[in-house]
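Q: predicted coordinates and the sequence they were generated for:
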Amino acid sequence: MGEVLSQNEIDSLLAALNSGEIDAEEMSDANNKQVRNYDFKRQTKFSKEHLRTLEIIYEHYGRLLSTSLPVYLRKSVQVSVVSSEAIVYSEFTNALFNPVILGVVNFQPLGGSIIVEMATKLGYAMIDRMLGGEGEPLDRSRDFTEIEISIIEKMMVVCMQLMREPWKNVVDINPMLERIETNSQFAQMISPNDMIAIVTLNVRIGDVEGYMNICLPFVTLESVMDRLNTKFWYANMQEQKEEDLEEYIEALIKRVDVPVRAVLGKTDIPITEFINIQVGDVIRLNTDVEQDLKVYVGNIEKFTALPGSSKDKYAVRVTSVIREEE
């Protein structure tokens, strides 16, 4: 129901019209509703809320890449989300140039796949770094060799495994890299008119900078579209308790391999005697036969022990623990 004017407001409006302060034609145009064309061939299936949730997911993914890739590349890596948009698949494929790096990823248990496009200069930088170089890209693009594609495939598998955690609040996925394509003509995995969401990441490896595009078809995400909202995403965030975090860290530390060595003793001999050592020669050490051995964990003296054997193998029996204060 429209707003009802009082008599004073009506009188003031008529006076303004008579004096020319208000134009009746302008008022009529202001009341006309704006009509916007709708393209039925390009239906909007990703709302702003969907795209914002995808940005949040891949912001988390970018942080994981920034901390995990340096382990393999021995180079600083910075990843940030640049944008997200919804377009038709043909617009994505038409913008590709050859050679290109396209990772086709099975997004199981969701039906369908996604595509990860990586800038070729990032691929060249990774290859150069993995083969012992400084991580510099090529001056001119060229086709990738089979060895280079194999290296990129291994790095892409690492990147795909990192995608599981950011998606956990929406769906528990197990992304599997199916293949790497370097020709854009072989990327026709869905209909050209199908809608996709593209999340663009800016990746910086040392001084080399390029884009990584995550192509997410609507047909792949259709079953979980109702979960792609920030309210659902935050509601499913599982905050770990302090005790659980301590147990998790302790479990990780228990799996760390550290060298343990028992030292029988030390001695100094001339280099000529060392060269001429034969089987059966006796080397006099600086320790007594009944003296405890020193056992080192890494480079830290941690235990004392007595030598012996266990099941036909040399062994030591720990006799005392050396504390830090000792």
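A: Yes, it's here.
Q: when you work out contacts or count neighbours from here on, use the C-alpha atoms and nothing else.
A: OK.
Q: tell me how many other residues crowd residue 106.
A: 21 (other CA atoms under 10 Å).
Q: with adjacent residues omitted, what lies nearest to it?
A: Spatial nearest neighbour of residue 106, excluding adjacent residues (CA to CA, 6 or more residues apart in numbering): residue 113 at 4.5 Å.
Q: which strand or helix spans residue 220?
A: Assigned by DSSP states H and E, residue 220 belongs to helix 218-221.
Q: contacts for that helix?
A: 45-46, 107, 110-114, 194-197 (CA atoms under 8 Å, 6 or more residues apart in numbering).
Q: average pLDDT for that helix, rounded please.
A: For helix 218-221, mean pLDDT is 89.
Q: the lengthiest helix in the chain - contacts with which helices or strands?
A: Counting residues, the longest helix found in the chain (DSSP state H) is helix 48-73. Of the remaining helices and strands, those touching helix 48-73 by 3 or more CA pairs under 8 Å, 6 or more residues apart in numbering; DSSP states H and E are strand 77-88, helix 120-130, strand 195-205, helix 230-235.
Q: per-residue confidence at the closest residue to residue 159 other than its chain neighbours?
A: Excluding its sequence neighbours, the residue lying closest to residue 159 (CA to CA, 6+ apart) is residue 65, at 7.0 Å. We have a pLDDT of 91 for residue 65.
Q: what is the neighbour count of residue 65?
A: Neighbour tally, residue 65, other CA under 10 Å: 21.
Q: now do the one 5 residues further on
A: Counted with other CA under 10 Å, the burial measure for residue 70 works out to 15 neighbours.
Q: returning to that earlier point: ok, the residue nearest to residue 159 touching residue 161?
A: No - contact criterion CA atoms under 8 Å: residue 65 and residue 161 do not qualify, at 10.4 Å.
Q: about what we covered before: looking at the helices and strands packed on helix 48-73, which is closest to residue 10?
A: helix 230-235 (46.6 Å; CA to CA).
Q: give me the element residue 138 is part of.
A: Under the criterion DSSP H and E, no helix or strand holds residue 138.
Q: so what's it up against?
A: Counted by CA under 8 Å, 6+ apart, residue 138 has contacts 121, 124-125.
Q: same check on residue 87?
A: 195-198.
Q: hmm, back to that, which of the contacts of helix 218-221 count as buried?
A: 45-46, 107, 110, 112-114, 194-197 (16 or more other CA atoms under 10 Å).
Q: closest to residue 140 among those residues?
A: residue 114 (28.5 Å).
Q: in contact with the closest one, which residues?
A: Residue 114 touches 104-107, 214-217, 220, counting by CA under 8 Å, 6+ apart.
Q: what angle do helix 48-73 and the helix or strand containing residue 155 make with each other?
A: Per DSSP H and E: residue 155 is located in helix 146-161. Inter-element angle recorded for helix 146-161 and helix 48-73: 130 degrees (by axes from the mean of the first three to the mean of the last three CA atoms, to 10 degrees).
Q: packing partners for helix 146-161?
A: Using 3+ CA pairs under 8 Å, 6+ apart, helix 146-161 sits against helix 120-130, strand 176-181.
Q: quick one: that helix to helix 120-130, angle?
A: Using the same axes, to 10 degrees, helix 146-161 lies at 100 degrees relative to helix 120-130.
Q: give the buried residues for helix 146-161.
A: Buried residues in helix 146-161 (16+ other CA under 10 Å): 148-149, 151-153, 155-160.
Q: likewise stretch 290-307?
A: For stretch 290-307, by 16+ other CA under 10 Å, it's 292-296, 301-307.
Q: let me see the mean pLDDT of that stretch.
A: Stretch 290-307 carries an average pLDDT of 86.
Q: try stretch 226-236
A: pLDDT averaged over stretch 226-236 gives 70.
Q: and if you look at stretch 169-177?
A: 87.
Q: pull out the buried residues from that stretch.
A: 169-171, 173-177.
Q: quick one: terminal-to-terminal distance for that stretch?
A: 22 Å (CA to CA, to the nearest Å).
Q: do the same with stretch 288-305
A: So stretch 288-305: terminal residues 13 Å apart, CA to CA.
Q: shaky segments in the stretch 1-150 of the chain?
A: For the stretch 1-150 of the chain, the stretches flagged by pLDDT under 70 are 1-7, 20-44.
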